[in-house]
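Asks: A structural model of the following input is requested.
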Amino acid sequence: MPSNALSRRDVLRGSVALAAYSLAARPLRSLGLEPAAGDTLIPWLDAQPKGRAMLYWQDLQTWVTPNEALYEVSHYGKPKFDVAAWKLELTGQIRKPAVFTLADLQKRKHKDVTATLECGGNGAGMGFMGAIGNVRWTGTPLAPLLREAGLVKRSKEVVFYGTDEKVEKIRDQDFPQHFARSLDIDHALADEVILAWSMNGEPLNETHGAPLRLVVPGWFGISWVKWLRRIDVLDRRFMGKWMAREYVTIRGEERDKDGTNWRETSVCNINVKSIAARAVRRPDGTVRITGAAWSDGTTLDKVEVRIDDGPWQPVSLEKKPSGSPYTWTLWHFDWKQPSAGEHTVVSRALDADGRAQPPAEDATIRNKKTFWEANQQWPRKIRL
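Replies: Got it, this is the predicted structure:
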């Protein structure tokens, strides 16, 4: 049989994947969330200001976020390089260093991973609460490349370097630096971590890291290195700017005897979070609130909604079109017989490990002195 021939299993697998993507890309009507005939969209009084590419929650139409609506953040700007001549290096504490072209990688076994990409600063302010998207990524798993390279006992950490670079001043000296982040070896070998060349069925574009980017489901986007050019295996911790000096959360832990312990932690795994996205009035007067909730892959236990100063009430969680634990879950809440006037609507998510999305006045948010990891409850204002 020719090496490029498809087996029956391949065909079936492709059919299942296509069916899942088709459902994911369909309007939210297929999930019972899109306004039906007779429904009237109710605008939020605190709607997001528009202007840049990002998700505008009230305009949410599909479970998968269109490429043009996905936010973009880069710290060294978009690099200029010859994509046709691009190659990926695999170096470091391994027995067989290697170099790959994009064609080499695309000949390898590949998979689709649907995962929520969220900026570490998402939710820091009203103008930056849509730096998130639900995307279907296609690429090759990282783990087989690392294993084939011959990991050694000293292999402890994997550093991912982008093509983007800048001269940084470190200890009063100038050093050229490529953007870089790292994962410990166990995480780098996880099944869900892939090297992606496609998003939502289209090749990566310049904005989103063409020709290749790292995909780390469950972690904030800062770890999803774009314009990937080198993977380096180390025998010790990597402490580059974007691991040790920036994207570091400073948070005070209140202790009864010792006062406040100020802790610095790396911005890495996503926090449990939710938001009320849309509101519609139905013909019978009911107001349906719909929204999304997500986590670092930990199963959501429940999502609740609170109207004004009332009690927390459970919402209905929708079934995901994809079985991936790293995607958001859509939900809805039917508000029966709402009174006229201005109201506050707020949601909170709780996961299976007992983590709860905190209110803004909670110590975990109140004592957070950096804007990253802003997972506080987000009250929305509405007038009926």
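Asks: look up how far residue 63 lies from the closest residue to residue 247 other than its chain neighbours.
Replies: Residue nearest to residue 247 in three dimensions, not counting chain neighbours: residue 267, with 4.1 Å by CB to CB, 6 or more residues apart in numbering. For glycine as for every other residue, the C-beta is placed from the backbone atoms N, C-alpha and C. For residue 267, the distance to residue 63 (CB to CB, to the nearest Å) stands at 26 Å.
Asks: ok so, going back, neighbours of the residue nearest to residue 247, how many?
Replies: Other residues lying near residue 267 total 24 when counted by other CB atoms under 10 Å.
Asks: what sits against it?
Replies: Contacts of residue 267 were listed using CB atoms under 8 Å, 6 or more residues apart in numbering, and they are 120, 220, 222, 247, 248, 249, 372, 373.
Asks: also residue 43?
Replies: By CB under 8 Å, 6+ apart, the neighbours of residue 43 are residue 58.
Asks: on that earlier part again, among the contacts of residue 267, name the buried ones.
Replies: Taking 16 or more other CB atoms under 10 Å as the criterion, what is buried in these is 120, 220, 222, 247, 249, 372, 373.
Asks: the second one reaches residue 118, doesn't it?
Replies: Same thing as residue 220. Yes: under the criterion of CB atoms under 8 Å, residue 220 lies in contact with residue 118, with a separation of 5.9 Å.
Asks: what touches both of those two?
Replies: residue 270.
Asks: where does the prediction get shaky in the protein?
Replies: For the chain, applying pLDDT under 70 flags the ranges 1-35.
Asks: how about a cut-off of 50?
Replies: Where the chain drops to pLDDT under 50, the residues are 1-23, 30, 32.
Asks: tell me the domain ranges of it?
Replies: Segmentation of the chain into domains, based on automatic domain parsing, reads 61-238, 273-383.
Asks: save those domains as TSV, and put in distance to residue 47 too.
Replies: Rendered in TSV, the data for the domains of the chain read as follows (distance: least, CB to CB, whole Å):
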stretch	distance to residue 47
domain 61-238	9
domain 273-383	9
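Asks: out of the ones you listed, which is closest to residue 41?
Replies: If you check each of these against residue 41 by CB to CB, domain 273-383 wins as the nearest, at 5.4 Å.
Asks: report the central residue of the chain.
Replies: In the chain, the centroid-proximal residue (CA atoms, centre = their mean) is residue 117; its distance is 2.0 Å.
Asks: hey, what's that one bridged with?
Replies: Assessed by DSSP bridges, residue 117 has beta-bridge partners residue 133.
Asks: go on, residue 304?
Replies: Assigned bridge partners for residue 304, using DSSP bridges, are residue 314, residue 348.
Asks: my read is that it contacts residue 310, right?
Replies: No: with contacts counted by CB under 8 Å, residue 304 stays clear of residue 310, the gap being 11.1 Å.
Asks: which one of these two has more residues nearby?
Replies: Regarding residue 304 and residue 310, a neighbour count based on other CB under 10 Å identifies residue 304 as having more, with 19 against 10.
Asks: residues contacting that one?
Replies: Counted by CB under 8 Å, 6+ apart, residue 304 has contacts 312, 313, 314, 315, 347, 348, 350.
Asks: you'd agree the first one is up against residue 348?
Replies: I take that to be residue 312. Yes: using CB under 8 Å, residue 312 makes contact with residue 348 at a distance of 7.2 Å.
Asks: now do the shared contacts for these two.
Replies: Common contacts of residue 312 and residue 348, defined by CB under 8 Å, 6+ apart, comprise 304, 306.
Asks: who has more neighbours out of the two?
Replies: Between residue 312 and residue 348, counted using other CB under 10 Å, the more crowded position is residue 348 (21 against 13).
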